[in-house]
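A.B. asks: Prediction below, plus the sequence it came from.
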Amino acid sequence: AQSVSQHNHHVILSEAASLELGCNYSYGGTVNLFWYVQYPGQHLQLLLKYFSGDPLVKGIKGFEAEFIKSKFSFNLRKPSVQWSDTAEYFCAVSSSNTGKLIFGQGTTLQVKP
Amino acid sequence: NAGVTQTPKFQVLKTGQSMTLQCAQDMNHEYMSWYRQDPGMGLRLIHYSVGAGITDQGEVPNGYNVSRSTTEDFPLRLLSAAPSQTSVYFCASSYSLGQPNGGELFFGEGSRLTVL
């Protein structure tokens, strides 16, 4: 069955610190990978997505993610976080075979000014 | 653009009552889905549809029904509400999950449901 696991449930960083959020998925076929962000009181919005090609994808607001097929991973990174990055982050996976999009449990990021 | 419209935004039910959460999108999206969001559990897929007349179960379908008679509408029915169904429900649509120019989900504003 298709599943997504996010290792960190709650991350606390100071401004300017570097960020890496882990995401692993379980599915043997071809997948499309996403990171979404949910700011307090808002609904989810897309940060970045990977379909094919260069495994290092860049998204909005300075975020990037790397797809490592051998590790079934799609970790999210940002070199220097800001207080405004405080939000909940969700990794998601879809496959053309199953036709559905599954989310991970989410990681709450708190950035201290 | 209206995007994805969900109604109602808030609802309180008693155990055993039934209700329908409405979802409509005006973007001609093929893919529509319902998720529930609970603290610490992320978003869990309830049901989804890849086109009119086609629906399928997600991760947590029990206690919910859906139908997709038109491209625009995808209502979610709670047959007999239970306290475990207290949650925030999101409807989301996408042009096409499997295509590079698709995949991005557009979310409604959510419906907060409390079952007493």
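C.D. replies: Alright, I've got the coordinates.
A.B. asks: Please list all residues in contact with residue B:53.
C.D. replies: B:68-69 (C-beta atoms under 8 Å, 6 or more residues apart in numbering or on different chains). No exception for glycine: its C-beta is placed from N, CA and C like everyone else's.
A.B. asks: Next: residue B:14.
C.D. replies: Shown in contact with residue B:14 (C-beta under 8 Å, 6+ apart): B:81, B:115-116.
A.B. asks: And the pLDDT for it?
C.D. replies: Looking at residue B:14, its pLDDT reads 97.
A.B. asks: Now do it against chain A, distance only.
C.D. replies: 28 Å (C-beta to the nearest C-beta, to the nearest Å).
A.B. asks: backbone phi and psi for that residue, please?
C.D. replies: Per-residue torsions, residue B:14: phi -100, psi 150 (degrees, to the nearest 10).
A.B. asks: do the one 3 residues further on as well
C.D. replies: Dihedral angles of residue B:17 (phi, psi; degrees, to the nearest 10) stand at phi -70, psi 160.
A.B. asks: Pull up the residues of chain B that are close to chain A.
C.D. replies: Residues of chain B lying near chain A by C-beta under 8 Å from any C-beta of the partner chain: B:31, B:33, B:35, B:40-45, B:48, B:50, B:56, B:58-59, B:90, B:92, B:94, B:97-100, B:103-105, B:107-110.
A.B. asks: among the residues you listed, which ones are buried?
C.D. replies: Buried residues within those, counting neighbours by 16 or more other C-beta atoms under 10 Å in any protein chain shown: B:31, B:33, B:35, B:42-45, B:48, B:50, B:58-59, B:90, B:92, B:94, B:97-98, B:103, B:105, B:107-108, B:110.
A.B. asks: Around chain B, which positions in chain A sit nearby?
C.D. replies: Going by C-beta under 8 Å from any C-beta, the residues of chain A near chain B are A:6, A:9, A:32, A:34, A:36, A:43-46, A:49, A:51-52, A:90, A:94, A:96, A:99-106.
A.B. asks: try 6 Å this time
C.D. replies: Neighbours of chain B within chain A, by C-beta under 6 Å from any C-beta of the partner chain: A:32, A:43-44, A:46, A:49, A:51, A:94, A:96, A:99-101, A:103-106.
A.B. asks: does the nearest residue to residue A:21 once chain neighbours are set aside count as helix, strand or coil?
C.D. replies: If the residues on either side of it in the chain are set aside, residue A:21 comes closest to residue A:76, at 4.4 Å by C-beta to C-beta, 6 or more residues apart in numbering or on different chains. Following DSSP: H, G, I helix; E, B strand; the rest coil, the label given to residue A:76 is strand.
A.B. asks: which residues sit against stretch A:87-100?
C.D. replies: A:2, A:4, A:6, A:21, A:23, A:25, A:27, A:29, A:31-39, A:101-104, A:106-108, B:45, B:48, B:50, B:97-98 (C-beta atoms under 6 Å, 6 or more residues apart in numbering or on different chains).
A.B. asks: May I see the buried residues of it?
C.D. replies: So for stretch A:87-100, counting by 16+ other C-beta under 10 Å, buried means A:87-95, A:98-100.
A.B. asks: Also stretch A:70-90?
C.D. replies: A:72-76, A:78, A:81, A:85-90.
A.B. asks: Between these, which sits nearest residue B:86?
C.D. replies: Nearest to residue B:86 out of those is residue A:88 (C-beta to C-beta; 19.4 Å).
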